[in-house]
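Q: predicted coordinates and the sequence they were generated for:
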Amino acid sequence: MNHSTSSKATKRIAVVGGGVTGLSAAHRLLELADAQQQSIEVTLFESQPETGGWIGTIEQQDYLIDTGGDMFITNKPAAIELCNRLGLEDQLISTNQQYRGALILKDGQPVPVPLGFELMTPSRIGPMLKTPLLSPAGKLRMGLEYFLPRRHSTTGLDQDDESLAHFVTRRFGEEALTRLIQPLVAGIYTSDPEKLSLRATLPRFLDMERDHRSLIKAIRKQKRAAKSADATGARYGLFAGFRGGMQTLIRTLAERVSERGTILFSQPVTKIKPVAESGYEVTSESDGDSQTQHFDAVIVTTATHHAAGMTADFAPELSNLLSQIEYASTAILVNLFKLSDIKHPLNAFGLVIPAAEKRKIFAIAFASRKFPGRAPEGYVQLRTFVGGAMQPELLDHSDEELTAIVQSELADILGVTGEPQFSKLLRHNQSMPQYHLGHLQLVEEIEQQAARYSQLELAGNAYRGVGIPDCIHSAEQAAERLFAAMLTPASVQSP
């Protein structure tokens, strides 16, 4: 194999990690090679026997179970655009209008989220006045947000960071945080609101305060503007999924990559080492044996604690920074119940549970209320979430103990009386990166360190967004940067 740095030679590129980020990066590299008539070889290393990471679908008789994320947001365009390029438009489906909405637990009872309430901000007064989720004093305190001044920057910079808890308490009060906003945000980030960086996760709310002073004022302006303009992704609504489950995206990407590149299954990468002349040696393990291959460039898409181990020998500063991003673990218990065995009407997409309720679960998704094909007629599929950053100790329980805990909570909260027709526990250990205060500064330092090594890129959900569109965007940006660098190659710099 010729490892010349000439742009006309065949370039060998390693992609480490076969989740949605790694697959998207490999696919984008092949797209770019076709478009620019460049000769490349792409090898994707996956530590597991199949691709997908925390995204996948189990086909169970005549219905589907998504093992991780089951839909994606459409107002970030990367996922929709990728589906269009893959020819998957006809496989996309929108959520079921009949059950659209969410529930929050209050004193053991599921209560609907007030109409017009969007994650943090109410856009309609009437539903907020009527909701039993807040006391009269709590509602009054929320309403006062309309009159509060904006925060004055402590540094004079737009990038001032603030925890979710501090921001919400400052703008809307303590009760709004604990009873309404904490459980909704926990359903997305599985995080502690006292540590969660608002600038890294939900910067639009900081921007709304800066630009409009009041979030309530800002959201009402946006609502008026939206009525006279088509929202991005309006064809599918705010969220979309796949008729055949999330495996549709993973399988299609894996097939496209396999057609032109190579996927090595059950081959975790243990070490990456720069070569003096150019490129990198990538060491992986298979059946207990180590093997090393030479590549001209590498994209690492694994969790940062794995990336830290791979880079420790040649990039100790980078490795140290990568290891500073914390992760939370979550378990999902999937159950199939007869509808007749559940007292609650399940008239929503799911239920989120405030930490103040002192429960041992933090969310329940009513999967078959969101999308068709997730349960047979007369049954319902429930996906119950345990652990996260707020209750990590629960993941120490055995599968049997966790299952018993969840079944007890479902009986108490939803009135589930019968035994499940099907039950499966899915553990996602160290899978959700925590965007703590200062996260964006840490990411910038990581990017600065990584930039010292030419033709080495990092991508994934640990950096600038945890959702599926964020992962795809991160992957494609890394692939594009790498491709541009390979057309004007430079030698690998030593630390």
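A: Everything's here; your move. This structure is a prediction, so every number in the text was calculated from the model and none was measured. Residues are numbered from 1 along each chain as shown.

Q: after the helix or strand of the chain with the lowest mean pLDDT, next one along is what?
A: Sorted by mean pLDDT, DSSP states H and E, the helices and strands of the chain end with helix 215-227, the least confident at a mean of 83. Heading C-terminal from helix 215-227, the first helix or strand you meet, by DSSP states H and E, is strand 239-242.

Q: same for the next helix or strand after that following strand, what does it pack against?
A: Sequence order places helix 247-260 as the next helix or strand after strand 239-242, per DSSP H and E. The contact analysis (3 or more Cβ pairs under 8 Å, 6 or more residues apart in numbering; DSSP states H and E) places helix 247-260 against helix 20-36, strand 40-45, helix 78-86. For the C-beta atoms, the positions are set from N, CA and C on the backbone; glycine is no exception.

Q: now tabulate these in JSON lines and tack on mean pLDDT.
A: Shown next, in JSON lines, are these (pLDDT from 0 to 100):
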{"stretch": "helix 20-36", "mean pLDDT": "97"}
{"stretch": "strand 40-45", "mean pLDDT": "97"}
{"stretch": "helix 78-86", "mean pLDDT": "97"}
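
Q: Phe167: which of the ones you listed is closest?
A: Closest approach to Phe167 among the helices and strands packed on helix 247-260 is made by helix 78-86 (26.9 Å; Cβ to Cβ).

Q: any idea of the angle that closest one forms with helix 20-36?
A: Interaxial angle, helix 78-86 versus helix 20-36 (axes from the mean of the first three to the mean of the last three Cα atoms, to 10 degrees): 50 degrees.

Q: in the next helix-or-strand element following helix 78-86, what counts as buried?
A: Downstream of helix 78-86, the next assigned helix or strand under DSSP H and E is strand 92-94. Buried residues in strand 92-94, counted by 16 or more other Cβ atoms under 10 Å: 92-94.

Q: could you list the low-pLDDT ranges of the stretch 51-200 of the chain?
A: Along the stretch 51-200 of the chain, segments meeting pLDDT under 70 span 153-159.

Q: can you pull out the strands in it?
A: For the stretch 51-200 of the chain, the strands defined by DSSP state E, counting those that start in this stretch cover 57-60, 63-66, 72-73, 92-94, 103-106, 109-112, 117-118, 121-122.

Q: which of these sits most buried?
A: strand 121-122 (a mean of 25; mean count of other Cβ atoms under 10 Å).

Q: count residues in the vicinity of the residue lying closest to Ile263 once chain neighbours are set aside, would you?
A: Nearest non-adjacent residue to Ile263, counting by Cβ to Cβ, 6 or more residues apart in numbering: Leu44, 4.8 Å away. The number of residues packed near Leu44 is 28, by other Cβ atoms under 10 Å.

Q: identify the bridge partners of Leu44.
A: Going by DSSP bridges, Leu44 is paired in beta bridges with Val15, Ile263.

Q: distance check, it against Glu81.
A: Distance of Leu44 to Glu81, given as Cβ to Cβ, to the nearest Å: 21 Å.

Q: in the protein, which helix is the longest?
A: For the chain, the longest helix by residue count, based on DSSP state H, is helix 468-487.

Q: separation between the closest residue to Phe147 other than its chain neighbours and Leu148?
A: Spatially, and ignoring its direct neighbours in sequence, Phe147 is nearest to Ser214 (7.4 Å; Cβ to Cβ, 6+ apart). Shown here: Ser214 relative to Leu148, a distance of 7 Å by Cβ to Cβ.

Q: more crowded one of those two?
A: A direct count of neighbours by other Cβ under 10 Å for Ser214 and Leu148 places Ser214 higher, at 20 against 15.

Q: surely the more buried one meets Gly143?
A: No: applying Cβ atoms under 8 Å, one finds Ser214 not in contact with Gly143, separated by 10.6 Å.

Q: go ahead and confirm Val15 touches Ser24.
A: No: Val15 lies out of contact with Ser24 (Cβ under 8 Å); the separation is 9.6 Å.

Q: could you say what helices and strands the least confident helix or strand of the chain packs with?
A: With contacts taken as 3+ Cβ pairs under 8 Å, 6+ apart, helix 215-227 sits against strand 121-122, helix 203-212.

Q: show residues contacting the first one.
A: Put plainly, it is strand 121-122. Here strand 121-122 makes contact (Cβ atoms under 8 Å, 6 or more residues apart in numbering) with 114, 116, 128, 142, 205, 208, 215-216, 218-219.

Q: just give me the closest of those to Ala315.
A: Nearest member of the contacts of strand 121-122 to Ala315, counting by Cβ to Cβ, is Phe205, at 35.3 Å.

Q: rewinding a little: what's the least confident stretch among the helices and strands packed on helix 215-227?
A: Mean pLDDT is lowest for strand 121-122 among the helices and strands packed on helix 215-227, at a mean of 90.

Q: circling back to that earlier point, quick one: which of Val15 and Ser24 has more around it?
A: With neighbours defined as other Cβ under 10 Å, Val15 and Ser24 compare such that Val15 has more, 34 against 28.

Q: relative orientation of the longest helix of the chain and strand 40-45 in degrees?
A: Interaxial angle, helix 468-487 versus strand 40-45 (the same axes, to 10 degrees): 140 degrees.

Q: could you pull out the buried residues of helix 468-487?
A: Buried positions in helix 468-487, judged by neighbour count with 16+ other Cβ under 10 Å: 468-480, 482-483, 486.
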